[in-house]
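S.K.: kindly generate the corresponding structure for this input.
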Amino acid sequence: MTSLALPCWQGFLRDSLGRFISIQQIHVGEYLGLGVVAALYLQAAGRPRRMRIGLVGLVAAVGFMDELMQLVLPQRVFDWSDVRLNWAGSLAGLFLVSTTAWLMRTLQLLAVRHAPQR
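M.R.: Residues are numbered from 1 along each chain as shown. Sure thing, here's the model as predicted:
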C-alpha cells in the first residue's frame, strides 16, 4: 500500500509494468467498482427496474459528496472534472452489469426456445 500512496502527491502512480497511471484513471476505476457492486446488489435482490433510477442517483451523490468533502480538507480542491469521472465510472459499472445480465437472460430465452422437444 505504501508504494501506491507515496507517489500520489505527484499526480501519477506506476502499475506493475512501470507505466504511469494518472489519478483520474483511478477515479474511474474506483467508481466503476462501486457501480458494479450496486448493480450486482440490484440483480441479487431482484429489485424492480424503477429502483435503478434511485440507485443511479445514490451512486452519483456518493461521487459528488466525495469531492465536496475536499472543500474542508487542507491541500485538496473540489474539481468538477473529478465529479464527472466519478459519475462516468459508476455509470459504466452499472451499465456493464445490467447489459451482461440482459444478455444472459436473452441467451437463456433463446436456448429454451430452440431446445429440441422430446
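S.K.: okay, helices next: where are they in this protein?
M.R.: Using DSSP state H, the helices assigned to the chain run over residues 2-5, 23-45, 50-68, 80-113.
S.K.: buried ones in the last one?
M.R.: If I follow you right, that is helix 80-113. 82-83, 85-94, 97-98 (16 or more other C-beta atoms under 10 Å). Quick note: C-beta positions are derived from backbone N, CA and C, even for glycine.
S.K.: contacting residues for Leu42?
M.R.: 51-52, 55 (C-beta atoms under 8 Å, 6 or more residues apart in numbering).
S.K.: where in the chain is pLDDT low?
M.R.: By pLDDT under 70, the low-scoring segments of the chain are 1-22, 47-48, 118.
S.K.: try 50
M.R.: The model of the chain has pLDDT under 50 over residues 1-10.
S.K.: run through who's touching stretch 74-88.
M.R.: Under C-beta under 8 Å, 6+ apart, the answer for stretch 74-88 is 24, 27-28, 30-31, 60, 62-64, 66-68, 70-71.
S.K.: tell me which residue is most central in this structure.
M.R.: Leu32 (1.8 Å; C-alpha atoms, centre = their mean).
S.K.: having no further points to raise, I will conclude here.
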